[in-house]
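**Q** the sequence and its predicted three-dimensional model are supplied below.
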Amino acid sequence: DAGITQSPRHKVTETGTPVTLRCHQTENHRYMYWYRQDPGHGLRLIHYSYGVKDTDKGEVSDGYSVSRSKTEDFLLTLESATSSQTSVYFCAIRTGTGDTEAFFGQGTRLTVV
Amino acid sequence: KNQVEQSPQSLIILEGKNCTLQCNYTVSPFSNLRWYKQDTGRGPVSLTIMTFSENTKSNGRYTATLDADTKQSSLHITASQLSDSASYICVVSNAGNNRKLIWGLGTSLAVNP
């Protein structure tokens, strides 16, 4: 798993509550990503980071925010969880933006009830 | 529109048999094409990455081919094993747009004894 740890692995939360998912890496890679995976869709990019305090939006960023105060941690926050955010969330790291490998965490299964 | 389409959607084969999965893409400008294996409940794991100049690349019993002219790729699995049961996802990297990864929906492969 290239030293990537996601927490929690599973979470059930109520609509309207804030939720934070954590991605931790041990290999000091610059680029980190948050994706969501849903049936009928390919992985979709939520937000990404290209360094400490440097983040940008992906294609499905509405309702999500991120923070990266340390190289090793990338946090994804659902400001006010909705049922449409029920999904499996994956964190990924890359060593660059070119023809470089992307390594994924184990995923977090989030259910919003 | 940048798209990646995979076929078949699902496939069942007997252990020991070979199979070929297909990927067609319309991504332009093209940077590279990746094949990932995703086991149930786990994150995707990279099998191969091919750039424009590469026609074929192998990783053990997995062999990927790329025809950049027709924008087609295939993943051939030789002498399948039960552990090959997984989803196989084709991903194309866009050379512009910060090297965005465009994901296919995957082919679900079941290898039966």
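**A** It's in. Numbers count the residues shown, from 1 in each chain, chains lettered A, B, ... in the order given.
**Q** listing partners with orientation, what would you give for the least confident helix or strand in chain B by mean pLDDT?
**A** In chain B, the helix or strand scored least confidently by mean pLDDT, DSSP states H and E is strand B:101-103, which has a mean of 89. Applying DSSP bridges, strand B:101-103 is found paired with strand B:86-94 (antiparallel).
**Q** average pLDDT across the strand it pairs with?
**A** In this model, strand B:86-94 has an average pLDDT of 94.
**Q** ok now that strand, how far from the chain's centre?
**A** 5 Å (C-alpha atoms, centre = their mean, to the nearest Å).
**Q** contacting residues around stretch B:68-86?
**A** Stretch B:68-86 is contacted by residues B:13-27, B:30, B:33, B:35, B:37-40, B:47-48, B:50, B:52, B:61-67, B:88, B:90, B:108-111, B:113 when judged by C-beta atoms under 8 Å, 6 or more residues apart in numbering or on different chains. Quick note: C-beta positions are derived from backbone N, CA and C, even for glycine.
**Q** returning to that earlier point: would you mark the buried spots in the least confident helix or strand of chain B?
**A** Judged by neighbour count (16 or more other C-beta atoms under 10 Å in any protein chain shown), strand B:101-103 contains these buried residues: B:101-103.
**Q** name the nearest of those relative to chain A.
**A** residue B:103 (3.0 Å; C-beta to the nearest C-beta).
**Q** point out where chain A drops to low pLDDT.
**A** Within chain A, the segments meeting pLDDT under 70 span A:1-2, A:97-98.
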